[in-house]
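Colleague: model the following, please.
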Amino acid sequence: MKLFSSFGQYLLMLRGAARKPENGKMYWKELMHQSVEIGFGSLGIVVIISVFMGAVSAVQTAYQLVSPLIPRETIALVVRDTVILEFAPTLICIVLAGVVGSKIAGELGNMRVSEQIDALEIMGINTKSYLIAPKILGALLTIPLLVIISMVLGIYGGRLASALGELVAGDAFDRGLQNGFTIKNVYIGLAKAYSFAFIISSISSFFGYYVRGGALEIGRASTAAVITSCIVILMVDYLIAYIFL
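Modeller: Below is the predicted model:
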(Lines give C-alpha, C1' and ligand atoms only; values in the text may rest on other atoms or scores of the structure.)
Protein backbone atom coordinates (compact mmCIF):
# COMPACT_ATOMS: atom_id res chain seq x y z
CA MET A 1 0.00 0.00 0.00
CA LYS A 2 2.87 2.35 0.76
CA LEU A 3 4.17 1.87 -2.79
CA PHE A 4 0.83 2.90 -4.32
CA SER A 5 0.56 5.82 -1.91
CA SER A 6 4.05 7.04 -2.85
CA PHE A 7 3.28 6.64 -6.55
CA GLY A 8 0.10 8.69 -6.16
CA GLN A 9 2.06 11.36 -4.30
CA TYR A 10 4.62 11.30 -7.11
CA LEU A 11 1.90 11.89 -9.72
CA LEU A 12 0.45 14.76 -7.68
CA MET A 13 3.92 16.29 -7.49
CA LEU A 14 4.23 16.14 -11.28
CA ARG A 15 0.78 17.68 -11.63
CA GLY A 16 1.78 20.55 -9.38
CA ALA A 17 5.06 21.02 -11.24
CA ALA A 18 3.19 21.30 -14.55
CA ARG A 19 1.20 24.31 -13.41
CA LYS A 20 1.94 27.76 -14.79
CA PRO A 21 4.54 29.56 -12.64
CA GLU A 22 3.67 32.84 -10.95
CA ASN A 23 6.77 34.68 -12.21
CA GLY A 24 7.99 33.72 -15.66
CA LYS A 25 11.25 35.68 -15.39
CA MET A 26 12.18 34.02 -12.10
CA TYR A 27 11.22 30.64 -13.53
CA TRP A 28 13.40 31.17 -16.62
CA LYS A 29 16.37 32.19 -14.48
CA GLU A 30 16.02 29.04 -12.39
CA LEU A 31 15.71 26.91 -15.53
CA MET A 32 18.96 28.30 -16.94
CA HIS A 33 20.68 27.78 -13.59
CA GLN A 34 19.61 24.14 -13.43
CA SER A 35 20.60 23.55 -17.06
CA VAL A 36 24.10 24.84 -16.37
CA GLU A 37 24.38 22.86 -13.13
CA ILE A 38 23.22 19.60 -14.71
CA GLY A 39 24.92 20.01 -18.10
CA PHE A 40 28.29 21.62 -17.45
CA GLY A 41 28.53 20.13 -13.98
CA SER A 42 28.44 16.62 -15.45
CA LEU A 43 30.38 17.22 -18.66
CA GLY A 44 33.79 16.22 -17.28
CA ILE A 45 32.78 12.82 -15.95
CA VAL A 46 30.80 12.12 -19.13
CA VAL A 47 33.83 12.86 -21.34
CA ILE A 48 36.16 10.62 -19.33
CA ILE A 49 33.74 7.70 -19.06
CA SER A 50 32.73 7.88 -22.73
CA VAL A 51 36.26 7.72 -24.15
CA PHE A 52 37.30 4.78 -21.99
CA MET A 53 33.94 3.10 -22.51
CA GLY A 54 34.48 3.05 -26.27
CA ALA A 55 38.10 1.98 -25.87
CA VAL A 56 37.21 -0.96 -23.63
CA SER A 57 34.41 -1.98 -26.01
CA ALA A 58 36.85 -2.06 -28.94
CA VAL A 59 39.47 -4.10 -27.05
CA GLN A 60 36.96 -6.64 -25.77
CA THR A 61 35.36 -7.00 -29.19
CA ALA A 62 38.75 -7.62 -30.77
CA TYR A 63 39.46 -10.24 -28.09
CA GLN A 64 36.25 -12.09 -29.01
CA LEU A 65 36.84 -11.98 -32.77
CA VAL A 66 39.26 -14.88 -32.99
CA SER A 67 37.98 -16.28 -36.29
CA PRO A 68 39.96 -15.21 -39.38
CA LEU A 69 36.72 -15.38 -41.39
CA ILE A 70 35.34 -12.32 -39.58
CA PRO A 71 36.71 -9.03 -40.99
CA ARG A 72 38.37 -6.70 -38.51
CA GLU A 73 36.03 -3.95 -39.63
CA THR A 74 33.39 -5.69 -37.54
CA ILE A 75 35.05 -4.20 -34.46
CA ALA A 76 33.92 -0.72 -35.53
CA LEU A 77 30.39 -1.93 -36.24
CA VAL A 78 30.05 -3.54 -32.81
CA VAL A 79 31.53 -0.53 -31.03
CA ARG A 80 29.23 1.83 -32.90
CA ASP A 81 26.00 -0.01 -32.18
CA THR A 82 26.94 -0.88 -28.60
CA VAL A 83 27.83 2.70 -27.75
CA ILE A 84 24.80 4.26 -29.48
CA LEU A 85 22.19 1.79 -28.28
CA GLU A 86 23.34 0.92 -24.78
CA PHE A 87 26.53 2.37 -23.37
CA ALA A 88 25.94 6.07 -24.10
CA PRO A 89 22.30 6.36 -23.03
CA THR A 90 22.08 3.73 -20.28
CA LEU A 91 25.51 3.67 -18.66
CA ILE A 92 25.93 7.43 -18.76
CA CYS A 93 22.45 8.00 -17.31
CA ILE A 94 23.13 5.53 -14.50
CA VAL A 95 26.24 7.56 -13.68
CA LEU A 96 24.20 10.77 -13.90
CA ALA A 97 21.64 9.26 -11.54
CA GLY A 98 24.39 9.26 -8.95
CA VAL A 99 25.87 12.63 -9.87
CA VAL A 100 22.76 14.65 -10.75
CA GLY A 101 20.14 12.67 -8.86
CA SER A 102 21.87 12.82 -5.50
CA LYS A 103 22.49 16.56 -5.97
CA ILE A 104 18.83 17.27 -6.75
CA ALA A 105 17.58 15.17 -3.84
CA GLY A 106 20.12 16.71 -1.47
CA GLU A 107 19.31 20.26 -2.54
CA LEU A 108 15.55 19.89 -2.16
CA GLY A 109 15.96 17.86 1.02
CA ASN A 110 18.07 20.58 2.58
CA MET A 111 15.49 23.20 1.61
CA ARG A 112 12.73 21.09 3.15
CA VAL A 113 14.58 20.41 6.40
CA SER A 114 15.63 24.04 6.78
CA GLU A 115 11.99 25.08 6.14
CA GLN A 116 12.85 27.15 3.07
CA ILE A 117 10.13 25.36 1.08
CA ASP A 118 7.60 26.13 3.81
CA ALA A 119 8.61 29.79 3.72
CA LEU A 120 8.13 29.94 -0.06
CA GLU A 121 4.69 28.35 0.25
CA ILE A 122 3.69 30.88 2.91
CA MET A 123 4.58 33.64 0.43
CA GLY A 124 2.13 32.06 -2.02
CA ILE A 125 4.71 30.54 -4.38
CA ASN A 126 3.95 27.21 -6.01
CA THR A 127 7.14 25.47 -4.90
CA LYS A 128 6.57 22.47 -7.17
CA SER A 129 6.56 24.56 -10.34
CA TYR A 130 9.35 26.83 -9.10
CA LEU A 131 11.72 24.21 -7.66
CA ILE A 132 10.89 20.94 -9.42
CA ALA A 133 9.81 21.88 -12.95
CA PRO A 134 13.10 23.71 -13.81
CA LYS A 135 15.07 20.67 -12.68
CA ILE A 136 13.03 18.33 -14.86
CA LEU A 137 13.14 20.63 -17.90
CA GLY A 138 16.83 21.34 -17.34
CA ALA A 139 17.53 17.61 -17.32
CA LEU A 140 15.44 17.11 -20.47
CA LEU A 141 17.45 19.84 -22.20
CA THR A 142 20.95 18.86 -21.17
CA ILE A 143 21.10 15.10 -20.52
CA PRO A 144 20.23 14.14 -24.15
CA LEU A 145 23.00 16.54 -25.27
CA LEU A 146 25.40 14.79 -22.90
CA VAL A 147 24.33 11.44 -24.35
CA ILE A 148 25.02 12.68 -27.90
CA ILE A 149 28.47 13.85 -26.79
CA SER A 150 28.98 10.44 -25.18
CA MET A 151 28.05 8.67 -28.42
CA VAL A 152 30.61 10.66 -30.41
CA LEU A 153 33.37 10.33 -27.83
CA GLY A 154 32.65 6.65 -27.26
CA ILE A 155 33.09 5.87 -30.94
CA TYR A 156 36.20 8.04 -31.05
CA GLY A 157 37.58 6.22 -28.00
CA GLY A 158 37.04 2.91 -29.78
CA ARG A 159 38.83 4.20 -32.87
CA LEU A 160 41.70 5.53 -30.81
CA ALA A 161 42.12 2.26 -28.91
CA SER A 162 41.95 0.28 -32.15
CA ALA A 163 44.68 2.41 -33.72
CA LEU A 164 46.97 2.43 -30.69
CA GLY A 165 46.54 -1.28 -30.05
CA GLU A 166 46.88 -2.11 -33.76
CA LEU A 167 43.54 -3.91 -33.64
CA VAL A 168 42.29 -2.40 -36.90
CA ALA A 169 43.57 0.36 -39.16
CA GLY A 170 41.92 3.75 -39.03
CA ASP A 171 40.50 3.63 -42.57
CA ALA A 172 39.15 0.12 -41.98
CA PHE A 173 37.53 1.30 -38.73
CA ASP A 174 35.87 4.17 -40.61
CA ARG A 175 34.52 1.76 -43.21
CA GLY A 176 33.13 -0.41 -40.43
CA LEU A 177 31.36 2.60 -38.94
CA GLN A 178 29.52 3.18 -42.22
CA ASN A 179 28.70 -0.47 -42.78
CA GLY A 180 25.03 -1.18 -42.08
CA PHE A 181 24.47 2.08 -40.22
CA THR A 182 20.83 3.00 -39.61
CA ILE A 183 19.57 6.26 -38.15
CA LYS A 184 16.94 4.29 -36.23
CA ASN A 185 19.58 3.33 -33.66
CA VAL A 186 20.29 6.99 -32.93
CA TYR A 187 16.57 7.67 -32.45
CA ILE A 188 16.31 4.75 -30.03
CA GLY A 189 19.32 6.02 -28.12
CA LEU A 190 17.79 9.50 -27.87
CA ALA A 191 14.43 8.04 -26.80
CA LYS A 192 16.26 6.33 -23.95
CA ALA A 193 18.10 9.55 -23.11
CA TYR A 194 14.90 11.60 -22.79
CA SER A 195 13.16 8.87 -20.81
CA PHE A 196 16.07 8.46 -18.42
CA ALA A 197 16.47 12.23 -18.01
CA PHE A 198 12.86 12.49 -16.88
CA ILE A 199 13.25 9.50 -14.56
CA ILE A 200 16.40 10.87 -12.90
CA SER A 201 15.11 14.40 -12.37
CA SER A 202 11.55 13.57 -11.30
CA ILE A 203 12.34 10.67 -8.94
CA SER A 204 15.22 12.56 -7.31
CA SER A 205 12.98 15.61 -6.90
CA PHE A 206 10.29 13.44 -5.30
CA PHE A 207 12.60 11.95 -2.68
CA GLY A 208 14.16 15.32 -1.89
CA TYR A 209 10.93 17.31 -1.82
CA TYR A 210 9.13 15.00 0.61
CA VAL A 211 12.05 14.25 2.93
CA ARG A 212 11.26 14.39 6.65
CA GLY A 213 13.67 14.65 9.56
CA GLY A 214 17.17 16.04 9.80
CA ALA A 215 20.49 15.85 7.98
CA LEU A 216 20.60 12.05 8.31
CA GLU A 217 17.33 11.74 6.43
CA ILE A 218 18.67 13.89 3.60
CA GLY A 219 21.46 11.37 3.04
CA ARG A 220 19.01 8.48 3.11
CA ALA A 221 16.71 10.27 0.67
CA SER A 222 19.61 10.88 -1.73
CA THR A 223 20.62 7.22 -1.56
CA ALA A 224 17.03 6.09 -2.10
CA ALA A 225 16.68 8.46 -5.05
CA VAL A 226 19.79 7.08 -6.76
CA ILE A 227 18.85 3.43 -6.17
CA THR A 228 15.27 3.91 -7.32
CA SER A 229 16.33 5.86 -10.40
CA CYS A 230 18.83 3.17 -11.42
CA ILE A 231 16.24 0.39 -11.01
CA VAL A 232 13.61 2.27 -13.03
CA ILE A 233 16.19 3.16 -15.71
CA LEU A 234 17.07 -0.52 -16.19
CA MET A 235 13.39 -1.49 -16.34
CA VAL A 236 12.58 1.19 -18.93
CA ASP A 237 15.75 0.29 -20.85
CA TYR A 238 14.48 -3.26 -21.20
CA LEU A 239 11.02 -2.10 -22.29
CA ILE A 240 12.38 0.27 -24.95
CA ALA A 241 14.75 -2.41 -26.25
CA TYR A 242 11.93 -4.97 -26.33
CA ILE A 243 9.55 -2.63 -28.15
CA PHE A 244 11.89 -1.11 -30.73
CA LEU A 245 14.44 -3.85 -31.27
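
Colleague: confidence score at residue 94?
Modeller: pLDDT recorded at residue 94 is 93.

Colleague: check residue 75 too.
Modeller: 79.

Colleague: ok, it - contacts?
Modeller: Residue 75 makes contact with 58, 61, 62, 65, 158, 162, 167, 168, 173, 176 under the criterion Cβ atoms under 8 Å, 6 or more residues apart in numbering. Where C-beta positions appear, they are placed from N, C-alpha and C, glycine not excepted.

Colleague: pLDDT-wise, what's the bottom of those residues?
Modeller: Among these, residue 65 has the weakest pLDDT, 71.

Colleague: surely that residue touches residue 73?
Modeller: No - taking contacts as Cβ atoms under 8 Å, residue 65 lies outside contact range of residue 73: 10.3 Å.

Colleague: before we move on, the earlier item: among the contacts of residue 75, which are in helices?
Modeller: Using DSSP state H, the members of those that fall within helices are 58, 61, 62, 158, 162, 173, 176.

Colleague: next, the nearest residue to the third one once chain neighbours are set aside: phi, psi?
Modeller: On the basis of Cβ to Cβ, 6 or more residues apart in numbering, the spatially nearest residue to residue 62 that is not a chain neighbour turns out to be residue 167, at 4.3 Å. Main-chain dihedrals, residue 167, degrees, to the nearest 10: phi -80, psi -40.

Colleague: return the distance of residue 167 relative to residue 148.
Modeller: 26 Å (Cβ to Cβ, to the nearest Å).

Colleague: for this protein, what helix or strand is lowest in average pLDDT?
Modeller: Least confident helix or strand of the chain, by mean pLDDT, DSSP states H and E, is helix 170-178 with a mean of 77.

Colleague: and the next helix or strand past that helix?
Modeller: helix 183-209 (DSSP states H and E).

Colleague: let me know the average pLDDT across stretch 221-237.
Modeller: Average pLDDT, stretch 221-237: 91.

Colleague: how about the spatially closest residue to residue 35 that is not a sequence neighbour, secondary structure?
Modeller: On the basis of Cβ to Cβ, 6+ apart, the spatially nearest residue to residue 35 that is not a chain neighbour turns out to be residue 138, at 4.2 Å. Under DSSP: H, G, I helix; E, B strand; the rest coil, residue 138 falls in the helix class.
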